[in-house]
Structures are given as C-alpha cells and as structure tokens.
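In: kindly return the folded structure for what I paste below:
(one chain, ligands or ions: 2)
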Amino acid sequence: MHVAIIGGASTIGSTVAYTLAGLAPTVDVSLVDINEGAAWAHAKDVSHASYHFSNAPGETVSGDDIGTVQSATPDDLADLDPDLIVFNAAAPQPEDATDRGARDAELDRNLSIVEDVAEDLRPLDPTPLLVVTNPIDRLVYQFYSLLEWPRRCFLGYSLSETARVADALGSELGVHPNDVYCPMMGEHGEHVVPILSRARVGGDAVATDDLDRDEIREYVLDIPFDIAKERGVDETSRWVTSAGVTRVIRSVMAGSTAGGDDPRGRLGEPFCLSTPLDGEYGFEDLALSVPVDLDEGGVDEIHEWDLAAEEADELAVAADAVRTDLERIGAKGYDS
Ligand SMILES: NC(=O)C1=CN([C@@H]2O[C@H](COP(=O)(O)OP(=O)(O)OC[C@H]3O[C@@H](n4cnc5c(N)ncnc54)[C@H](O)[C@@H]3O)[C@@H](O)[C@H]2O)C=CC1
Ligand SMILES: O=C([O-])CC(=O)C(=O)O
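Out: Ligands and ions are numbered 1, 2, ... in the order given. Sure, this is the predicted structure:
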C-alpha cells in the first residue's frame, strides 16, 4: 500500500509516518508538503528510524518488503498514484489557540488550503481520503463537494475521542482503559456524542446508570486542550492522533485482504469516522462521525444503530452545528 500524507512535514503528518514505519513497515509513504525542505528532512529521518524498527528482535520484514519513505510536492500527486491519502495540511495556528474553540476557528483559515489541494487531487482516480485537519466534519464535506468522488472515499479522523472516553470510563469503572469500547459519534468538537448505550468492557455491556454523561464528555473535550496548553500549539495530540490514523490505515489494509486480520481490531467492534451522510440517521448534505467498516475503497458500510433518545437528540444538535457552518461558507447544496 502507498499512503500520501498531504501536509507531510507537519507535526501530525511526520508522526504518522514514524508510526507507520514501526507498526505497518510494508507501507510506502510519501510526505507531500509545500515546505519541501522539511518534508525531505522528515522522510530521511523516518527512513533511518525504519532501519532500527526492522532490525529489532522478533522482526521479520526485511529488504525489498520494507516500505519507502519519500518526500514530494503537491504537483507530484498525480504521478504518485497513492492508494490512500491523509490530509493534514493546515494554516499555522495562533499561539493562543489552546481552548475548545480552536478547532472551529480553523475553518476559515483552512478552507483555501482545501480548495488548493482539491485542485491538486483532481487528476487522480477516486482514492480514500482521510481528513485530519480541523474542523474535520466541515472539511470532509467540502472535499466531497469539490472532488465529486464517490462519498465512500471521504473519511474524517475523530478516533482520538474513543481513546479519551476509554480513559474516562476505565477510571470510573476500575478497569484498564484499553479494554473499554465506547464509540463516539457526532461532531469532532463540542457536539461529540458518547454512545454509552453501546459501551462494553471485555465484550460485556456496561451498566451506565451511575455514570455522569456530562462529566465524561467534559473530560473528552478538555483533555486535548489541557495537553496543548502544556506543550504549545505546535505540539497538538500527536501521539494519540498518529496511533489512531495508523489504526485506520491498518483497518483499510485488513479490510482489503480476504482472510486477513479483523479490520475492527482486538475489540471486534466498529469505530466511528466522519463521512458524508445521505439519509443515514436521518441526515444528508453534511458529514458526521458514524460507525463504519472499511475496505480499500474507504467506507464499506455505515452501521445504523438504534440510539438511546438522548444520544439521538445530541446527534441532531451536532448536525445543526455542522449545517450552520456549511450554510455560512456556502458549501455545495447550501448556495443561497
Ligand atoms: N482530527 C484530529 O484528531 C486532529 C487534528 N489536528 C489538526 O491537524 C492539522 C495539522 O496540525 P499540525 O500537524 O499541528 O500542523 P502543522 O502546523 O505542524 O503543519 C501544517 C503543514 O501543512 C503544510 N501545508 C500548508 N498548506 C499546504 C498545501 N497547500 N499543501 C501541502 N502542505 C501544506 C505546511 O507546510 C505544514 O507543514 C490542524 O488542523 C490540527 O487542528 C491535530 C491533531 C488531532
Ligand atoms: O484540536 C486539536 O488541536 C487537536 C484535535 O482535534 C484532537 O486532538 O482531537
């Protein structure tokens, strides 16, 4: 598989490349960035890191099976012919962008980059595109509108919330967070919707009556910004994000390989990504995080779960928030 990371010299993009070199060493990676020097430097450094990954005790992938790590410019995209694209390019963040409004504030700054990159991508055949740049739900829909590829190509990365809610629930329930499953639907932002009705520990349903839904959501919403306040805006949640993006890429690979690993991973449950909706959950002309299965074309299936009443209500509020912004920017289908 060949993954092109647009914004590959970024904090997140370069960390995704490093994580892939360790956990998915057969993947070829192209770091595509307007900052050619930084993309080249990250590609060299990560390819040297790959030497140690592949020669550590227990490793079996060697020689020609090891993926390449190279740098490229946006003009090279058509020739690269990637199997999957990660979009991580962004305008620089102001130094004080460490509060919960920071994702929304990126919309106007990043729209023109999306337009430029959509032009760069236009010559390509439809390819799965995983949008990491904020605010993901609006930008996923904007890419979908501009490129007019099948909607199954469009994915928005919101999986860090699943690790954060597992942290909160694990503490609450006295279990290891890595054994907790709690899907997170809705917006990647203020209107995230914890689906506590489907929470599981080790495969067993969780009794949720005693859980404080608002407190859990507040933790999930605050923690990335508590981290950014300590580390600075240049160091967003790079570790969880790169691990989650790598998990999505590995799920696409597994879902594309007959008889291969379970694309849902150890817990065997679907996870949620943002994707354009066309009637699912009663919404259309917008993107929200919903439970998906993945294959080489992107979304293989969107699961339509029966939600608890408060979860369905919160999802409608999330849809309203995204719709309001799409109207404001005059996205396709919202032209006045
Ligand atoms: N969805 C999620 O869970 C997360 C999303 N993010 C978002 O990811 C985005 C990137 O964050 P960082 O990695 O900190 O960014 P960064 O500021 O480190 O890097 C942005 C990169 O984009 C490049 N770039 C700008 N315009 C470009 C273009 N037209 N073509 C190619 N490259 C271009 C720049 O040269 C730079 O290397 C932000 O929007 C951030 O909010 C960050 C963490 C988690
Ligand atoms: O807002 C940010 O900088 C990072 C982000 O989306 C996350 O970590 O969930």
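In: residues from the stretch 1-150 of the chain in reach of ligand 2?
Out: The stretch 1-150 of the chain comes close to ligand 2 at residues 102, 103, 134, as judged by Cβ under 6 Å from any ligand atom. C-beta coordinates here come from the backbone N, C-alpha and C atoms, glycine included.
In: OK, contacts around the last one?
Out: To tie it back to what came earlier, the one meant is residue 134. By Cβ atoms under 8 Å, 6 or more residues apart in numbering, residue 134 lies in contact with 90, 102, 103, 106, 107, 110, 188, 189.
In: confirm residue 274 sits in a helix?
Out: No - read with DSSP: H, G, I helix; E, B strand; the rest coil, residue 274 is strand and lies in no helix.
In: do a quick rundown of the helices in the stretch 1-150 of the chain.
Out: Using DSSP state H, counting those that start in this stretch, the helices of the stretch 1-150 of the chain run over residues 11-23, 36-54, 77-80, 102-121, 136-147.
In: so where is the stretch 201-336 of the chain shaky, pLDDT-wise?
Out: 336 (pLDDT under 70).
In: mind running it again at 90?
Out: 202, 208-210, 233-236, 255-260, 332-336 (pLDDT under 90).
In: can you pick the most crowded of the contacts of residue 134?
Out: Counting neighbours by other Cβ atoms under 10 Å, residue 188 leads these with 30 neighbours.
In: for that one, give me the pLDDT.
Out: Turning to residue 188, the model gives it a pLDDT of 98.
In: in this protein, where's the longest strand?
Out: Ordering each strand of the chain by length in residues (DSSP state E) puts strand 284-295 first.
In: and that strand with helix 136-147, angle?
Out: Per axes from the mean of the first three to the mean of the last three Cα atoms, to 10 degrees, the angle that strand 284-295 makes with helix 136-147 is 90 degrees.
In: and strand 284-295, how far out from the chain middle?
Out: 12 Å (Cα atoms, centre = their mean, to the nearest Å).
In: next, format the residues of the stretch 1-150 of the chain next to ligand 2 as TSV and append pLDDT.
Out: Shown next, in TSV, are those (pLDDT from 0 to 100):
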residue	pLDDT
102	89
103	91
134	97
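In: out of those, which is nearest to residue 311?
Out: residue 103 (21.5 Å; Cβ to Cβ).
In: strands along the stretch 201-336 of the chain, start to end?
Out: Ranges of strands in the stretch 201-336 of the chain, per DSSP state E, counting those that start in this stretch, are 204-205, 271-278, 284-295, 298-302.
In: picking that back up, need the helices of the stretch 1-150 of the chain in TSV with distance to residue 325, can you?
Out: Listed next are the helices of the stretch 1-150 of the chain as TSV, based on distance: least, Cβ to Cβ, whole Å:
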stretch	distance to residue 325
helix 11-23	22
helix 36-54	30
helix 77-80	27
helix 102-121	6
helix 136-147	5
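In: from ligand 2, how far out is residue 246?
Out: Between residue 246 and ligand 2 the distance is 15 Å, computed by Cβ to the nearest ligand atom, to the nearest Å.
In: and if you look at residue 110?
Out: Residue 110 is 12 Å from ligand 2, where distance means Cβ to the nearest ligand atom.
In: residue 273 against residue 161, yeah?
Out: No - taking contacts as Cβ atoms under 8 Å, residue 273 lies outside contact range of residue 161: 11.0 Å.
In: low-confidence stretches in the stretch 1-150 of the chain?
Out: Short version for the stretch 1-150 of the chain, where the test is pLDDT under 90: 93-102.
In: residues in contact with the closest residue to ligand 2 within it?
Out: Closest approach between the stretch 1-150 of the chain and ligand 2, counting by Cβ to the nearest ligand atom: residue 103, at 4.7 Å. Going by Cβ under 8 Å, 6+ apart, residue 103 touches 134, 135, 188, 189.
In: go through those residues and name the one nearest ligand 1.
Out: Among the contacts of residue 103, residue 134 lies closest to ligand 1 (Cβ to the nearest ligand atom), at 3.7 Å.
In: show me which residues of the stretch 101-250 of the chain sit near ligand 1.
Out: Among all residues of the stretch 101-250 of the chain, those adjacent to ligand 1 (criterion: Cβ under 6 Å from any ligand atom) are 106, 113, 116-117, 132-134, 136, 157, 160, 188, 236-237, 241.
In: endpoints of stretch 141-156, how far apart?
Out: Counting by Cα to Cα, to the nearest Å, you get 9 Å between the two ends of stretch 141-156.
In: cool, stretch 68-78 as well?
Out: 18 Å.
In: so which bits of it are buried?
Out: Across stretch 68-78, burial judged by 16 or more other Cβ atoms under 10 Å covers 69, 70, 71, 72, 74, 77.
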